[in-house]
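Student: what would the 3D arrangement of this be:
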Amino acid sequence: MSDSNDGLKPKYQRVLLKMSGEAFGHGGKSGISIDETMVISHQIKRVVASGVQLAVVVGGGNILRGAQFSQGGEIIKEATAHYMGMLATVMNGLALQESLESIGVETRLLTALRLDNVAEFFIRRRAVRHLEKGRVVILSGGTGNPFVTTDTAAALRGRELDAQILLKATRVDGVYSDDPEKNPHAVKYEKLTYNQVFRENLRVMDMAAIDMCRESSMPILVFNYKREGSIERAIAGHTIGTFVSV
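Tutor: As a prediction, this is how the structure comes out:
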């Protein structure tokens, strides 16, 4: 696998990339796939080589989702289940950190939970300094609070770190009028406004995340990370996926 960026010039200099937990798994199975993680890592290496400052928010759905215990009643409290999900994101963050550093990319893993033996606690100024030094900043633990999605964590960190765009990496190539895996007639949107997302109740990110991006006019690009080179093309400003802005 080549780590050349093929001459793509980045349009954005500081980027927040949101990777779902499924990106670290394989074929819908639970657990971490090193092969899949390495595919992401090689794309990230090429992005960083082009001079982009990159922060990555990781999900944990490939390991555990707090919502899966919502029917657990009094056995596992919902808040506890959400904390378990946060710990799953830390596991993915560690896997991404190790895979990146195995190919020569300097990283820092920052968490919203205090886990001093394995990661730094998130402090905004520290995270910005790491970015300025060319390190990939991996952000795990969500916001550190239950009942908040990692999409909202991505929007929050994007604003805190003054990212120019939020890249939402998914399994589909953009936002559709309906689920394209169930409805073959679903229409793909190339561009949307924040207000359209609210009005049509489109599944881009959760509404709290959309509102946070709207307040700061931070654009969102929803795209398929599985296509080779898609992260580089997204950062270069190529027309891929669905672009959400004012």
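Student: helices of the chain, start to end?
Tutor: 34-49, 78-102, 124-132, 150-160, 194-200, 207-216, 230-235 (DSSP state H).
Student: for residue 224, which of those is the nearest?
Tutor: helix 230-235 (6.0 Å; C-beta to C-beta). In this view, the C-beta of every residue, glycine as well, is placed from N, C-alpha and C.
Student: just checking, what packs against that closest one?
Tutor: With contacts taken as 3 or more C-beta pairs under 8 Å, 6 or more residues apart in numbering; DSSP states H and E, helix 230-235 sits against helix 34-49, strand 165-170, strand 220-224.
Student: the shortest one versus helix 207-216: what angle between them?
Tutor: Translated: strand 220-224. 130 degrees (axes from the mean of the first three to the mean of the last three C-alpha atoms, to 10 degrees).
Student: which secondary structure elements does strand 220-224 contact?
Tutor: With contacts defined as 3+ C-beta pairs under 8 Å, 6+ apart, strand 220-224 has these neighbours: strand 165-170, helix 230-235, strand 242-245.
Student: ok so, going back, same list (the helices of the chain) but as a markdown table, adding mean neighbour count, distance to residue 181 and mean pLDDT.
Tutor: Below are the helices of the chain laid out as a markdown table (neighbours: other C-beta atoms under 10 Å; distance: least, C-beta to C-beta, whole Å; pLDDT from 0 to 100):
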| stretch | mean neighbour count | distance to residue 181 | mean pLDDT |
| --- | --- | --- | --- |
| helix 34-49 | 19 | 19 | 95 |
| helix 78-102 | 20 | 24 | 95 |
| helix 124-132 | 15 | 35 | 98 |
| helix 150-160 | 24 | 20 | 97 |
| helix 194-200 | 15 | 19 | 94 |
| helix 207-216 | 18 | 22 | 96 |
| helix 230-235 | 23 | 19 | 95 |
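Student: minimum distance to residue 175: which of those helices has it?
Tutor: It is, among these and with distance given as C-beta to C-beta, helix 194-200, at 8.0 Å.
Student: mind checking pLDDT for the residue lying closest to residue 14 once chain neighbours are set aside?
Tutor: Leaving aside its chain neighbours, residue 14 sits nearest to residue 53 (4.4 Å; criterion: C-beta to C-beta, 6 or more residues apart in numbering). Residue 53 carries a pLDDT value of 98.
Student: tell me how many other residues surround residue 53.
Tutor: Counted with other C-beta atoms under 10 Å, residues neighbouring residue 53 total 25.
Student: next one: residue 23 relative to residue 123, how far apart?
Tutor: From residue 23 over to residue 123 the distance is 26 Å, taken as C-beta to C-beta, to the nearest Å.
Student: with residue 160 instead?
Tutor: For residue 160 relative to residue 123 (C-beta to C-beta), the value is 10 Å.
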